[in-house]
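Chemist: Turn this into a model:
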Amino acid sequence: MEILQLRDDFIKLGQALKAAGYAENGVEAKMAITEGLVKVNGETELRRGRKLYENDIVSYEGKELKIVK
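Modeler: Residues are numbered from 1 along each chain as shown. Below you'll find the predicted structure:
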């Protein structure tokens, strides 16, 4: 499981995918999310603007990303 350190109180899902290197750019992140390939805390998430907070876990292509403060 990879770790993503928050700089603020939250990060948006699309930004988190880019920051973790799961998506090369915003378009790629948006496509993955709208195609239902990304899960947050075990549930499929279709909003790229979904705010992620401490202890949220993002799953994509068999990889997991934990959000920490």
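Chemist: With just CA atoms, put stretch 30-43 into CSV.
Modeler: Coordinates of the C-alpha atoms in stretch 30-43 are reproduced here as CSV (Å, rounded to 0.1, in the frame of the first residue of the first chain):
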residue,chain,number,x,y,z
LYS,A,30,-11.1,11.5,-15.3
MET,A,31,-11.4,8.6,-17.7
ALA,A,32,-10.5,6.0,-15.1
ILE,A,33,-12.9,7.5,-12.6
THR,A,34,-15.9,7.9,-15.0
GLU,A,35,-15.3,4.3,-16.3
GLY,A,36,-15.8,3.0,-12.7
LEU,A,37,-12.3,1.7,-12.3
VAL,A,38,-11.5,3.6,-9.1
LYS,A,39,-12.8,2.7,-5.6
VAL,A,40,-12.7,4.8,-2.5
ASN,A,41,-13.0,2.8,0.8
GLY,A,42,-14.1,-0.2,-1.2
GLU,A,43,-16.9,1.5,-3.1
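Chemist: Mind listing residues that contact that stretch?
Modeler: The contact list for stretch 30-43, computed with Cβ atoms under 8 Å, 6 or more residues apart in numbering, reads 13-14, 17, 22-23, 44-48, 50, 52, 56-61. The way it works is simple: take the backbone N, C-alpha and C, and place the C-beta from them, glycine included.
Chemist: out of those residues, which are buried?
Modeler: In terms of neighbour count (16 or more other Cβ atoms under 10 Å), the buried residues within those are 13-14, 17, 22-23, 45, 48, 50, 52, 56, 58-60.
Chemist: and residue 65, bridged to which residues?
Modeler: With DSSP bridges applied, residue 65 shows beta-bridge pairing to residue 2, residue 58.
Chemist: what sits against it?
Modeler: For residue 65, the set of contacting residues under the criterion of Cβ under 8 Å, 6+ apart consists of 1, 2, 3, 4, 16, 20, 22, 57, 58, 59.
Chemist: buried set for stretch 29-47?
Modeler: Burial within stretch 29-47, assessed by neighbour count using 16+ other Cβ under 10 Å, is assigned to 29, 32, 33, 38, 40, 45.
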